[in-house]
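Visitor: Coordinates only, no sequence provided:
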């Protein structure tokens, strides 16, 4: 895992945190933890979610970015979450790869998007130089960028747990298409996954946040091209169910979708339509629990209050395609 605790990096992280209203919390746990305070007086939290986007503006990436900027301004968002596959087709070549600015800095130019971006790695990112995406050098080029393997954002009424899902998938360790992956930092896959699941289970169990959100690149449930990720269904889903996670956000399938869990209150939201979409490419899974599916480009917004959650999905024109809300009893301070 990337180590951001070196003496050289600490001052930069402190400056970065102060610039975006967040602070780095030094903890002994293996998962880095960041605090991001909502800026509204009522304590509500609003953010956008987009995935599978980095194509130098092509495949409607620029149009999606434009609508994100418009909606982001209307909602006054706190930050943006990227669900991975940040740079196509094969991640970044290095810290100074021009794809970073051409696919990120020069595309998401709206004032409302000049907020912190919290990003996870996708399988396409692992095909390039993984360490480059994790590097503080990128944050010096564009201070919005924050990408780690797995980490936590504490946003007061919500805790958001980012999980590195690519190492879970068996296929990538013997890719039938011959792709190679950058596994530096993962000397033992078994230990890496085991430690990550143990750490995640611990922090989820100890969390007192009113809303618990988990983010990963790969879908747990999907009707899209890739369908369910079996390894996550077997290893990650039971932990989410046992620890009262409210919803799971992912990309990977190039679509927008909402699926309910069969045996818990967890909702699965796919936002992987930031650029190239796969029209008509679906599987026959999860139909009974499917609430919404759209096979074009778009993104989603999440609005949280102490007792209310509202999710909206938007298409490439900014039209609202699906709206879902729920309520719960807020946690009382002890």
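Guide: That came in fine, so what should we check first? As the structure is a computational prediction, the values presented were derived from the model and not from experiment. Numbering: from 1, shown residues only.
Visitor: What average pLDDT does stretch 143-162 get?
Guide: Averaged across stretch 143-162, the pLDDT comes to 97.
Visitor: Same question for stretch 324-334.
Guide: Stretch 324-334 shows a mean pLDDT of 77.
Visitor: ditto for stretch 216-226
Guide: Stretch 216-226 comes out with an average pLDDT of 95.
Visitor: Next: stretch 106-123.
Guide: 98.
Visitor: Stretch 190-206 too?
Guide: The average pLDDT for stretch 190-206 rounds to 97.
Visitor: next one: stretch 78-98
Guide: Stretch 78-98 comes out at a mean pLDDT of 98.
Visitor: got the end-to-end distance for it?
Guide: Terminal residues of stretch 78-98 are spaced 27 Å apart (C-alpha to C-alpha, to the nearest Å).
Visitor: Same check on stretch 147-161?
Guide: Using C-alpha to C-alpha, one end of stretch 147-161 lies 13 Å from the other.
Visitor: what about it, distance to the chain center?
Guide: 10 Å (C-alpha atoms, centre = their mean, to the nearest Å).
Visitor: what about the longest helix in the chain?
Guide: If you go by DSSP state H, the chain has its longest helix at helix 189-206.
Visitor: what lines up beside whichever helix or strand comes after that one in the sheet?
Guide: Next helix or strand after helix 189-206 toward the C-terminus (DSSP states H and E): strand 211-216. Applying DSSP bridges to the sheet, strand 211-216 is found paired with strand 158-163 (parallel), strand 247-250 (parallel).
Visitor: moving C-terminal of the helix or strand containing residue 64, what's the next helix or strand?
Guide: Using DSSP H and E, residue 64 sits within helix 61-75. Where DSSP H and E defines the elements, the next helix or strand beyond helix 61-75 is strand 79-82.
Visitor: neighbouring strands for that next one, and are they parallel or not?
Guide: Strand 79-82 is paired, per DSSP bridges, with strand 45-50 (parallel), strand 116-119 (parallel).
Visitor: Please enumerate residues in contact with the very next helix or strand once past it?
Guide: Next helix or strand after strand 79-82 toward the C-terminus (DSSP H and E): helix 99-100. The contact list for helix 99-100 (C-beta atoms under 8 Å, 6 or more residues apart in numbering) reads 54, 56, 87, 92, 93, 138, 141, 142, 145. Where C-beta positions appear, they are placed from N, C-alpha and C, glycine not excepted.
Visitor: Only the buried members of those: can you turn that into a ChimeraX selection?
Guide: To isolate the buried subset of the contacts of helix 99-100 in ChimeraX, counting by 16 or more other C-beta atoms under 10 Å, use the following:
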select :54,56,87,92,138,141,145
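Visitor: and which of the contacts of helix 99-100 is nearest residue 172?
Guide: residue 87 (16.9 Å; C-beta to C-beta).
Visitor: any idea whether the nearest residue to that closest one once chain neighbours are set aside is helix, strand or coil?
Guide: Once flanking residues are discounted, residue 87 sits nearest to residue 54: 3.9 Å by C-beta to C-beta, 6 or more residues apart in numbering. Of the three states, residue 54 takes coil under DSSP: H, G, I helix; E, B strand; the rest coil.
Visitor: so which of the strands paired with strand 79-82 is the most packed in?
Guide: Scoring the strands paired with strand 79-82 by mean neighbour count under mean count of other C-beta atoms under 10 Å gives strand 45-50 as the most buried, with a mean of 25.
Visitor: I'd like to check the angle between that one and helix 61-75, please.
Guide: Orientation check (axes from the mean of the first three to the mean of the last three C-alpha atoms, to 10 degrees): strand 45-50 against helix 61-75 gives 170 degrees.
Visitor: And residue 318, how far from residue 134?
Guide: For residue 318, the distance to residue 134 (C-beta to C-beta, to the nearest Å) stands at 32 Å.
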